[in-house]
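Peer 1: Could you work out the structure for the sequence below:
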Amino acid sequence: MPAARGWTRLALAPALAAAALILTPDIGRADPPIEQVYDIYCAQCHGLKRNGTGVNLPGLSVRPRDHTDTKGMGDTPDEELFKAIKDGGLAVNKSALMPTWSAVLSDKQITEMVKYLRKVCKCGT
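Peer 2: Numbers count the residues shown, from 1 in each chain. Below is the predicted model of the structure:
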């Protein structure tokens, strides 16, 4: 049953994100701060500390990426991060649990997210 519980939690993630969208006035506007976008859509798996320890972690079979990992993030090109966010983990031969965000985030927001992740990992280009 732990796997089923994990899928249930994962299935709840979009519902929680939608609820946060409704309850967070700035998100409904154009160009909310990218840190806020991260907190709503990414932190559930990657954690509020950006270290891969989000609330969904116990139900996941693969640990989400630690965005504070300077070495691991530094070895990943911007294009791969962009593609992973836009098209999901499978698009870059990573976990299928990383969802596709192309229907939620614009290319501009994904580009901003990649820049933000470089700031988080202190491995900016």
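Peer 1: okay, CA-based contacts and neighbour counts for the rest of this
Peer 2: Will do.
Peer 1: Could I get the pLDDT score of the residue nearest to the spatial centre of the chain?
Peer 2: Relative to the mean C-alpha position of the chain, the nearest C-alpha, by CA atoms, centre = their mean, is the one of Cys42, at 3.1 Å. Note for Cys42: predicted pLDDT of 98.
Peer 1: do Pro58 as well
Peer 2: Reported pLDDT for Pro58: 97.
Peer 1: next one: phi and psi at it?
Peer 2: Backbone torsions for Pro58, taken as degrees, to the nearest 10, come to phi -60, psi -30.
Peer 1: burial measure for it, as a count.
Peer 2: The number of residues packed near Pro58 is 16, by other CA atoms under 10 Å.
Peer 1: how far away is it from Arg118?
Peer 2: Distance of Pro58 to Arg118, given as CA to CA, to the nearest Å: 26 Å.
Peer 1: again, but for Glu35
Peer 2: The gap separating Glu35 from Arg118 is 12 Å, by CA to CA.
Peer 1: Looking at those two, which one has more neighbours?
Peer 2: More crowded of Glu35 and Arg118, by other CA under 10 Å: Arg118, with 19 against 14.
Peer 1: Quickly find the element holding the more buried one.
Peer 2: Under the criterion DSSP states H and E, the helix or strand holding Arg118 is helix 107-121.
Peer 1: before we move on, what about Tyr38?
Peer 2: Residue-wise, Tyr38 maps onto helix 34-41 under DSSP H and E.
Peer 1: starting at the chain centroid, how far to that helix?
Peer 2: Helix 34-41 has its C-alpha centroid displaced from the chain centroid by 8 Å (CA atoms, centre = their mean, to the nearest Å).
Peer 1: Buried residues in it, which are they?
Peer 2: 34, 37-41 (16 or more other CA atoms under 10 Å).
Peer 1: Quick one: work out the angle between that helix and helix 107-121.
Peer 2: Relative orientation of helix 34-41 versus helix 107-121 (axes from the mean of the first three to the mean of the last three CA atoms, to 10 degrees): 90 degrees.
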